[in-house]
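Asker: Any chance you could fold what I've pasted below:
(one chain, ligands or ions: 3)
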Amino acid sequence: MKIVAKFGGSSVKGAEAIKRCCKIIKNNCDIDVVILSATYNSTNELEIIAGLAIKNIDGAHVALNNFFTKHEDIIRKLEISDQCYEFINNLREELKCTILQMNEAQSISAKLMDHMYSYGERLSTAIVYKYLCKSSEDRNPLLLDIRTFLITNDNYGLAEPIIEKIKSNLDSIKQFKSKDLIITQGFIGATEDGCTTTLGREGSDYSATLIAEAISADQVQIWTDVAGVATIDPKLVSDARFINKLSYEEATSLAENGAKILFPKTLAPAKRKNIPVFVKSSFLPNSEGTKICQIAKEELEPRVSGLALDNGLLTIVGIDLIHFEDKIKNFLTEFNAILIMKENNFIKYKFPNNSKLHLALYSLHGYLFSE
Ligand code: ADP
Ligand code: ASP
Ligand code: MG
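Answerer: Numbers count the residues shown, from 1 in each chain. Ligands and ions are numbered 1, 2, ... in the order given. The predicted structure is shown next:
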């Protein structure tokens, strides 16, 4: 069994979170590749540092110091300060050069911003790698820079992966065929001539499925801060239910319409190779999570799978929604909802009175999903 496991920013937020992830990795010797996001909020902090670099260089240096202090604090708590000393200093010096470049140009090109973004994932992967080297006796951890094999076009900020190149690169890296435990970065990639690119904000999920596709993995695991894909964002409606099984299409539709649990492009590579994707909580590793996979036609019964919200637009996602259309329409009339688009597998509504939106969402969720 070959598993690609991705851990998001909140799963590597601090020393305790990193220890939890490493325990998950150590407990499952089928995990061959680990894809990591930057530590929680680090990508946003890098955007702030970049903004300051052109307006207030002293402020940028203060923010840069805070950024490194946060990571040094994690390193100290993991008791790997000595092992991390050199790379931390190298990255700090490199990051200082990047902000100077921005300051001199008095602008931030998408290309330079992508380079700037890379520090987040380069730091988190180096930290987790050093901790795994210290604490995992029976695996051979290996840190690989994803920019040496995840090749994209030069659409900086939202680069498109070049699937054939990724595949041929990975075919020639022997460690991907061994039982080494590979640690690498999500979100970033590189053009053929070596310039750093990014796949889009929140794009690490996509990195995981792209790698899984290229190495023909048996499974992808997306480890996050909630116990799977739910009927609605659990932060919006507390009685959201976690869904056991979703088709690639249902999960994609939820993601495309605002469910930020998954980057919208994530499921395309998995679907091409029919690789199941499990979404699970790194805080509750024993909870079942959600399995996203190909579902046989006979099994696809009409259902409402979940609700997603994006910019005031509510999307109801499901299978053969024609069976539920009238019920939903009648229910939403009292909230003055306006139908925007209707397809077999999703229905979209707009709310002229935004203040009614949350109540509508909450009530509709209760109406559709309470037993
Ligand atoms: P990570 O840092 O692991 O990538 P994200 O913040 O990108 O995590 O995604 C997890 C968050 O997605 C959850 O904390 C939750 O608030 C939000 N979310 C939005 N819609 C859903 C949904 N339908 N099911 C589960 N979580 C959702
Ligand atoms: N660190 C990146 C971001 O916050 C990518 C990711 O976490 O998926 O956008
Ligand atoms: Mg995410």
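Asker: Looking at the stretch 251-371 of the chain, what residue ends up closest to ligand 2?
Answerer: The stretch 251-371 of the chain approaches ligand 2 most closely through residue 263 (6.5 Å), counting by Cβ to the nearest ligand atom. Any C-beta I mention is one placed from the backbone N, CA and C, and that applies to glycine too.
Asker: all helices for the stretch 201-350 of the chain, in order.
Answerer: Assigned helices in the stretch 201-350 of the chain, in chain order: 204-214, 248-256, 267-273, 325-333 (criterion: DSSP state H, counting those that start in this stretch).
Asker: Now the second one: average pLDDT?
Answerer: For helix 248-256, the per-residue pLDDT values average out at 98.
Asker: For that helix, C-alpha coordinates in PDB please.
Answerer: Taking Å, rounded to 0.1, in the frame of the first residue of the first chain, the C-alpha atoms of helix 248-256 are listed here in PDB:
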ATOM      1  CA  TYR A 248     -15.400  12.900  -6.500                       C
ATOM      2  CA  GLU A 249     -18.000  15.000  -8.200                       C
ATOM      3  CA  GLU A 250     -19.900  15.900  -5.000                       C
ATOM      4  CA  ALA A 251     -16.800  16.800  -3.100                       C
ATOM      5  CA  THR A 252     -15.500  18.900  -6.100                       C
ATOM      6  CA  SER A 253     -18.800  20.700  -6.300                       C
ATOM      7  CA  LEU A 254     -18.800  21.500  -2.500                       C
ATOM      8  CA  ALA A 255     -15.200  22.800  -2.800                       C
ATOM      9  CA  GLU A 256     -15.900  24.800  -6.000                       C
END
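Asker: and residue 108, that one's in a helix?
Answerer: No - under the criterion used here (DSSP: H, G, I helix; E, B strand; the rest coil), residue 108 is coil, not part of a helix.
Asker: correct me, but it touches residue 50?
Answerer: Yes - with contact defined as Cβ atoms under 8 Å, residue 108 and residue 50 form a contacting pair (5.3 Å).
Asker: of the two, who's got more company?
Answerer: Here residue 108 and residue 50 are set side by side on neighbour count (other Cβ atoms under 10 Å), and the busier one is residue 50, at 19 against 16.
Asker: Spit out the contact partners of that one.
Answerer: Neighbouring residues of residue 50 by Cβ atoms under 8 Å, 6 or more residues apart in numbering: 99, 102, 108, 113, 116.
Asker: Most widely separated two among those?
Answerer: Using Cβ to Cβ, the two most remote members of the contacts of residue 50 are 99 and 113, lying 11.5 Å apart.
Asker: Quick one: name the residues of this structure near ligand 3.
Answerer: By the criterion of Cβ under 5 Å from the ion, the positions of the chain lying close to ligand 3 are 8, 202.
Asker: in the chain, which spans are strands?
Answerer: Remark: strands of the chain, listed N- to C-terminal, are 3-7, 31-36, 141-143, 181-185, 188-190, 196-198, 219-224, 245-247, 277-281, 290-293, 303-310, 313-319, 338-342, 346-350; assignment by DSSP state E.
Asker: ok, the closest residue to residue 318 other than its chain neighbours - contacts?
Answerer: Leaving out its chain neighbours, the residue that sits closest to residue 318 by Cβ to Cβ, 6 or more residues apart in numbering is residue 304, at 4.2 Å. By Cβ under 8 Å, 6+ apart, the contact list for residue 304 reads 316-318, 321, 324, 328, 368-369.
Asker: wait, which of those residues is closest to ligand 1?
Answerer: Proximity of the contacts of residue 304 to ligand 1 (Cβ to the nearest ligand atom) peaks at residue 317, which lies at 9.3 Å.
Asker: Okay, the closest one and residue 107: tell me how far apart.
Answerer: Between residue 317 and residue 107 the distance, using Cβ to Cβ, to the nearest Å, works out to 40 Å.
Asker: quick one: which of the two has more around it?
Answerer: Between residue 317 and residue 107, counting by other Cβ under 10 Å, residue 317 is the more crowded of the two (27 against 9).
Asker: Contacts only, for the closest residue to that one other than its chain neighbours.
Answerer: With Cβ to Cβ, 6+ apart as the measure, residue 253 is the residue that lies nearest to residue 317, at 4.6 Å, once sequence neighbours are left out. In this structure, residue 253 makes contact with 308, 315, 317, 345-346, judged by Cβ under 8 Å, 6+ apart.
Asker: now swap in residue 278 and tell me
Answerer: Each residue near residue 278 by Cβ under 8 Å, 6+ apart is listed here: 219-222, 289-292.
Asker: who does it bridge with?
Answerer: With DSSP bridges as the criterion, residue 278 is bridged to residue 221, residue 291.
Asker: Model confidence score at it, please.
Answerer: As summarised for this prediction, residue 278 has a pLDDT of 98.
Asker: same question, residue 298
Answerer: The predicted local distance difference test score for residue 298 is 86.
Asker: Any figure for the gap between it and residue 271?
Answerer: 19 Å.
Asker: And for the residue of the stretch 151-300 of the chain found nearest ligand 3, the neighbour number?
Answerer: Residue nearest to ligand 3 within the stretch 151-300 of the chain (Cβ to the ion): residue 202, separated by 4.4 Å. Neighbour count of residue 202, defined by other Cβ under 10 Å: 20.
Asker: thought it was touching residue 261?
Answerer: No - with contacts counted by Cβ under 8 Å, residue 202 stays clear of residue 261, the gap being 9.7 Å.
Asker: so how many other residues sit close to residue 324?
Answerer: When neighbours are counted by other Cβ under 10 Å, residue 324 comes out with 18.
Asker: Can you tell me, leaving aside adjacent residues, what's nearest to the residue of the stretch 151-300 of the chain closest to ligand 3?
Answerer: If the residues on either side of it in the chain are set aside, residue 202 comes closest to residue 263, at 4.9 Å by Cβ to Cβ, 6+ apart.
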